[in-house]
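*Asks:* 3D model of this:
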Amino acid sequence: MHLLSGLVLVAGGVFFISLTVLVFAKPAVAERFLMGFATSARAHFVEQILRVLFGGSLVIDSTDMWQTDAFRFIGWAIVASSVGLMLIPWQWHHRFGKKVLPVLIQHMRLYAIGSFAFGAVILYAVFAPQLKG
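*Replies:* Coordinates of the predicted model:
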């Protein structure tokens, strides 16, 4: 189980770093990608399932990660918010996104820097304990 959750976390970290590269290399493509969130019931549920998978992986692997308590908390927060979003009509998420996404797009490079930092911290948290011994 830890191997699978570790793979999910590495994939997530690489995804966040890759999103940063995309924002700086092809901002129009990154904008289209980000604007696609919660545009349909299917997109909404796929996003939430991926978030539950990532958050659950944080919870499972947190015992073997750098900053165990912080990542366990973050993992549970991601799982809880995702389950909450799955319990509301997807259109509510879509309406919220229509209000928030233009601001995110306006500050997409700043968001990308945060995405890079989060991805790098995730990768460090997964691999740092193994590097020590």
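*Asks:* and the gap between the nearest residue in space to S82 that is not next to it in sequence and R109?
*Replies:* Spatial nearest neighbour of S82, chain neighbours left out: R51 (4.0 Å); criterion: Cβ to Cβ, 6 or more residues apart in numbering. Quick note: C-beta positions are derived from backbone N, CA and C, even for glycine. Using Cβ to Cβ, to the nearest Å, R51 is found at 23 Å from R109.
*Asks:* now do F54
*Replies:* Here the criterion is Cβ to Cβ. By it, F54 lies 23 Å from R109.
*Asks:* neighbour count winner among R51 and R109?
*Replies:* Taking neighbours as other Cβ atoms under 10 Å, R51 and R109 compare with R51 leading, 18 against 13.
*Asks:* need the three-state assignment for the more buried one.
*Replies:* helix (DSSP: H, G, I helix; E, B strand; the rest coil).
*Asks:* mind listing what it touches?
*Replies:* R51 sits next to I78, V79, S81, S82 when contact means Cβ atoms under 8 Å, 6 or more residues apart in numbering.
*Asks:* in the protein, which spans are helices?
*Replies:* 2-25, 27-35, 41-61, 68-87, 90-106, 108-132 (DSSP state H).
*Asks:* who are the packing partners of the fifth one?
*Replies:* Counting contacts by 3 or more Cβ pairs under 8 Å, 6 or more residues apart in numbering; DSSP states H and E, helix 90-106 packs against helix 27-35, helix 41-61.
*Asks:* comparing the ones you listed, which comes out most buried?
*Replies:* Ranked by mean neighbour count, the helices and strands packed on helix 90-106 are led by helix 41-61 with a mean of 18 (mean count of other Cβ atoms under 10 Å).
*Asks:* next, the angle from that one to helix 90-106.
*Replies:* 80 degrees (axes from the mean of the first three to the mean of the last three Cα atoms, to 10 degrees).
*Asks:* what about the protein, any weak spots by pLDDT?
*Replies:* Within the chain, the stretches with pLDDT under 70 are 130-133.
*Asks:* good, we can wrap up now.
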